[in-house]
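Chemist: next one to model:
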Amino acid sequence: MSENFQPRLPLPQATAAPYTRSRSLPPYRGIVAVDAKDFTGYPAIEHDVISRAIPQLLRTSFERAGIADVWDDRRFPDSTGDGFVFGFDPTAMPFVIHPWLSTLQDVLTEFNVHSMGAVRIRLRVSLHIGPVTDSGEREDGKGTPRNDTHRLLDSRPVKAMLAASSENVTQVAAILSDRCYQDAVASGYTGRHLDHFTEVPATVEGKSFAQRAWLYVPAPSGTLYDRRILGDQVIEDQETRRAHDDSPRDLAHAAVPRTVTNRADNGNVNTGTVHGGQSVSNAHVGGDHVGGNKAATVHGNQGDTVRGDKNSGHR
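Modeler: Just a heads-up that it's a prediction; the model follows:
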């Protein structure tokens with residue numbers, strides 16, 4: 001026998017083609033994936049620090065949330081360099097949504113404060129439920145739900161949400177698949193009201209992926225009412241529903257605009273955004289006198305909020 005002889009490794013057995021016979025579904029698993037914002041923006045020397053810190057922060061957050069078993073019993077765990085992914089028992093999904101996401105927000109806030117700005121870790125999180133392979137093998141975690149979890153993590157709405165929010169306030173932005181939302185949130189099993197979640201069209205640039213999904217931000221900052229995040233159709237649907245809904249909602253969570261009528265008899269009302277200069281004079285109107293130019297960008301209302309008659313009969 002030649003010294004250079006190499007035994008041939010057995011070829012993997014081909015499975016039956018899809019749609020040819022029925023087979024059992026793989027077990028259903030909850031899937032959580034996280035990804036650090038602006039990972040590639042840090043110097044390469046800091047990449048290893050961030051990669052090592054993320055699993056430690058996840059473990060701490062699961063322990064503090066009172067569901068350490070979700071981390072301890074994680075299935076097919078995998079570090080992605082700038083993130084982490086693993087599967088878990090889907091019955092724990094309501095607790096992963098709340099309180100874990102809020103606890104993760106607290107843990108990251110604490111970490112970022114103590115890091116003194118050297119390394120700031122803000123995470124996008126995606127949650128999904130579905131059948132994936134899980135037989136204890138290294139190659140486990142395969143299936144469409146796993147792929148979709150990563151697509152959701154890279155989708156435009158959750159990226160835009162974290163980018164548009166304050167780095168001093170919002171450390172976590174989560175996106176839930178519609179299946180995850182329907183099973184764990186809409187059913188009433190999660191300790192968060194429906195109004196904490198915002199429907200979004202999840203799309204990924206350059207990928208043929210488009211799904212209905214739901215944003216959840218434990219500590220929101222800025223505004224959720226952004227067509228770049230929500231999409232035109234979602235906003236139009238929300239406005240239509242609100243027109244037929246008399247019950248008040250919290251704007252920070254519902255992300256639905258209110259209609260406001262501003263009135264100032266014999267006065268001036270300034271609303272919206274003003275670009276450039278604006279000349280205002282009310283020399284002949286009782287109340288505050290404003291003259292000259294107001295420059296820069298102005299958000300919201302300018303001037304006093306007045307209830308009743310501010311003139312009080314004086315001119």
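
Chemist: helix or strand next in line after the biggest helix by length in the chain, which one?
Modeler: In the chain, ranked by residue count with DSSP state H as the criterion, the top helix is helix 47-64. For helix 47-64, the following helix or strand on the C-terminal side (DSSP states H and E) is helix 68-72.

Chemist: other SSEs contacting the longest helix of the chain?
Modeler: With contacts taken as 3 or more CB pairs under 8 Å, 6 or more residues apart in numbering; DSSP states H and E, helix 47-64 sits against strand 28-36, helix 68-72, strand 75-79, strand 83-88, helix 101-114. Glycine gets a C-beta too; all of them are placed from N, C-alpha and C.

Chemist: possible to save these as a markdown table with mean neighbour count, mean pLDDT and distance to D178?
Modeler: Converted to a markdown table, those look like this (neighbours: other CB atoms under 10 Å; pLDDT from 0 to 100; distance: least, CB to CB, whole Å):
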| stretch | mean neighbour count | mean pLDDT | distance to D178 |
| --- | --- | --- | --- |
| strand 28-36 | 24 | 97 | 14 |
| helix 68-72 | 16 | 98 | 22 |
| strand 75-79 | 16 | 96 | 23 |
| strand 83-88 | 23 | 98 | 19 |
| helix 101-114 | 18 | 96 | 17 |
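
Chemist: for G136, find the nearest of the ones you listed.
Modeler: strand 75-79 (8.7 Å; CB to CB).

Chemist: tell me which residues are up against that closest one.
Modeler: With CB atoms under 8 Å, 6 or more residues apart in numbering as the test, strand 75-79 has contacts from 29, 51, 54-55, 84-88, 132, 134, 140-141.

Chemist: quick one on the thing from earlier: among the helices and strands packed on helix 47-64, which comes closest to S155?
Modeler: strand 28-36 (11.0 Å).

Chemist: would you confirm that I121 belongs to a strand?
Modeler: No: counting by DSSP: H, G, I helix; E, B strand; the rest coil, I121 falls outside a strand, being coil.

Chemist: isn't it right next to P55, touching?
Modeler: No: if you go by CB atoms under 8 Å, I121 and P55 don't touch, sitting 11.7 Å apart.

Chemist: where along this structure do the strands fall?
Modeler: Remark: strands assigned in the chain by DSSP state E are 28-36, 75-79, 83-88, 123-131, 172-177, 198-203, 210-216, 278-279, 293-294.

Chemist: can you put those strands in TSV and add distance to L108?
Modeler: Listed next are the strands of the chain as TSV, based on distance: least, CB to CB, whole Å:
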stretch	distance to L108
strand 28-36	10
strand 75-79	18
strand 83-88	13
strand 123-131	7
strand 172-177	6
strand 198-203	21
strand 210-216	15
strand 278-279	41
strand 293-294	39
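
Chemist: let's have the helices and strands packed on helix 47-64 in CSV, adding distance to V172.
Modeler: Below are those laid out as CSV (distance: least, CB to CB, whole Å):
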stretch, distance to V172
strand 28-36, 9
helix 68-72, 16
strand 75-79, 19
strand 83-88, 13
helix 101-114, 4
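
Chemist: and these: which comes nearest H47?
Modeler: Between the helices and strands packed on helix 47-64, strand 28-36 lies closest to H47; by CB to CB that is 9.7 Å.

Chemist: list the buried residues for the longest helix of the chain?
Modeler: By neighbour count with 16 or more other CB atoms under 10 Å, helix 47-64 contains the buried residues 50-51, 53-55, 57-58, 60-63.

Chemist: cool, stretch 183-192 as well?
Modeler: Within stretch 183-192, judged by 16+ other CB under 10 Å, the buried ones are 183-185, 190, 192.

Chemist: and these, which two are furthest apart?
Modeler: Pairwise over the buried residues of stretch 183-192, using CB to CB, the maximum falls at D183 and R192, 14.1 Å.

Chemist: was I right about G87 contacting R74?
Modeler: Yes: in terms of CB under 8 Å, G87 counts as a neighbour of R74; the distance is 6.9 Å.
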